[in-house]
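Colleague: Please find the sequence and the predicted model below.
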Amino acid sequence: MGKVYSILSGKGGVGKTTSAINLAAALNALGEDVLIVDANLSTPNIGLHLGAPIVPVTLNHVLDGRADVTDAIYEHDSGLKILPSSLSIRELKRINHDKLIEVAKELRKLADYILLDSSAGLGREAESAINSADEIIIITQAEMPSVADALKTSKLTEYLNKDIRGFIINRHKGIGTEMDLQNIRDMLEIPHLGTVPEDKNIQKALVLKDAIIHTHPRSIASREYRKIAQKLLGEQYLKQQEEKEKSFWQRIFGR
Ligand code: ADP
Ligand code: MG
């Protein structure tokens, strides 16, 4: 059974889509079976970020029962699976947000890691993304208003009785107007998964319509997303790596 992570933020434009795509790409590059879902139904943009063509069947069709979920999943060149949603305003009126929880149950059978890119705020979209997930990841920037809104998302998640995997600080610039990590930790009281710096390669990747993990794998942001992805895989992944390394040396030097 796959695990569903919903990527949320209180404030808009802090890097949810960028983080969802790059964590998904990093997990995929580590050999995991990953599906990224555009669950930001009011302003979808996974398709724009990943250069997916306008596709005939989307999450919107699945949510209102017009299509089967397997017909709405596309494969990126990298092997990453994508479930896009529709950009059409007409579709927007028909969205049945509550159905997402049911669809997420299906998705757990189709990949090992399912990342839902969600919307900002505390509305119905965010609520259904929280209710559909096993764990929530909150994205924030280091400025006070962004952290204050992240706290609201964290409280809503607690209220809905869901687990929070942690928060990611994005677009970190290391300037005086930003809160320091300890203050953010004290305020949010949830685990810190990592800090992704402001990186102009992210905009370049956007122009190239691909994840920075693919376009600039050695950039500082890519390195941090990879580290966070490894953290998500947890102890088990680190143990596997150690075993692999051990057997590599054993093969070279014999027993
Ligand atoms: P959201 O999904 O939360 O609305 P996006 O992921 O779309 O946010 O990011 C908003 C803008 O910020 C985009 O133009 C994106 O390229 C840019 N961006 C995101 N993260 C970074 C970063 N670490 N460094 C530089 N630009 C970034
Ligand atoms: Mg977005």
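Modeller: Perfect, thanks for sending it. Ligands and ions are numbered 1, 2, ... in the order given.

Colleague: Show me what from the stretch 1-150 of the chain comes close to ligand 1.
Modeller: By CB under 6 Å from any ligand atom, the part of the stretch 1-150 of the chain that sits against ligand 1 consists of 9, 12-18. From N, CA and C alone the C-beta is placed, and that goes for glycine too.

Colleague: In strands only, show me these.
Modeller: residue 9 (DSSP state E).

Colleague: Can you name the two of the residues of the stretch 1-150 of the chain next to ligand 1 that sit furthest apart?
Modeller: 12 and 18 (12.8 Å; CB to CB).

Colleague: higher neighbour count, those two?
Modeller: residue 18 (25 against 12; other CB atoms under 10 Å).

Colleague: mind listing what's buried in the longest helix along the chain?
Modeller: Looking across the chain with DSSP state H, the single longest helix is helix 220-253. Across helix 220-253, burial judged by 16 or more other CB atoms under 10 Å covers 221-226, 228-233, 237.

Colleague: and what of stretch 139-155?
Modeller: Those would be 139-143, 146-147, 149-151, 153-154, for stretch 139-155 by 16+ other CB under 10 Å.

Colleague: Please apply the same query to stretch 172-180.
Modeller: For stretch 172-180, by 16+ other CB under 10 Å, it's 172, 178-179.

Colleague: At which residues are the helices of the stretch 51-200 of the chain located?
Modeller: For the stretch 51-200 of the chain, the helices defined by DSSP state H, counting those that start in this stretch occupy 59-63, 89-92, 99-107, 124-132, 144-159, 181-188, 200-207.

Colleague: The longest helix of the chain near ligand 1 anywhere?
Modeller: Yes. Using CB under 6 Å from any ligand atom, we find that helix 220-253 touches ligand 1 at residue 221.

Colleague: Please report how far residue 15 lies from ligand 2.
Modeller: 8 Å (CB to the ion, to the nearest Å).

Colleague: Now do the contacts for the one residue in the chain that gets nearest to ligand 2.
Modeller: Nearest residue of the chain to ligand 2 (CB to the ion) works out as residue 17 at 3.3 Å. By CB atoms under 8 Å, 6 or more residues apart in numbering, residue 17 lies in contact with 40, 45-46, 49, 117.

Colleague: try 10 Å this time
Modeller: 7, 36, 38, 40, 43-46, 48-50, 117-118, 139, 206 (CB atoms under 10 Å, 6 or more residues apart in numbering).

Colleague: Same list (the buried residues of stretch 139-155) but as CSV, adding pLDDT and distance to ligand 2.
Modeller: Shown next, in CSV, are the buried residues of stretch 139-155 (pLDDT from 0 to 100; distance: CB to the ion, whole Å):
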residue, pLDDT, distance to ligand 2
139, 98, 10
140, 98, 14
141, 98, 14
142, 98, 19
143, 97, 18
146, 97, 14
147, 98, 19
149, 97, 15
150, 97, 15
151, 97, 20
153, 97, 14
154, 97, 19
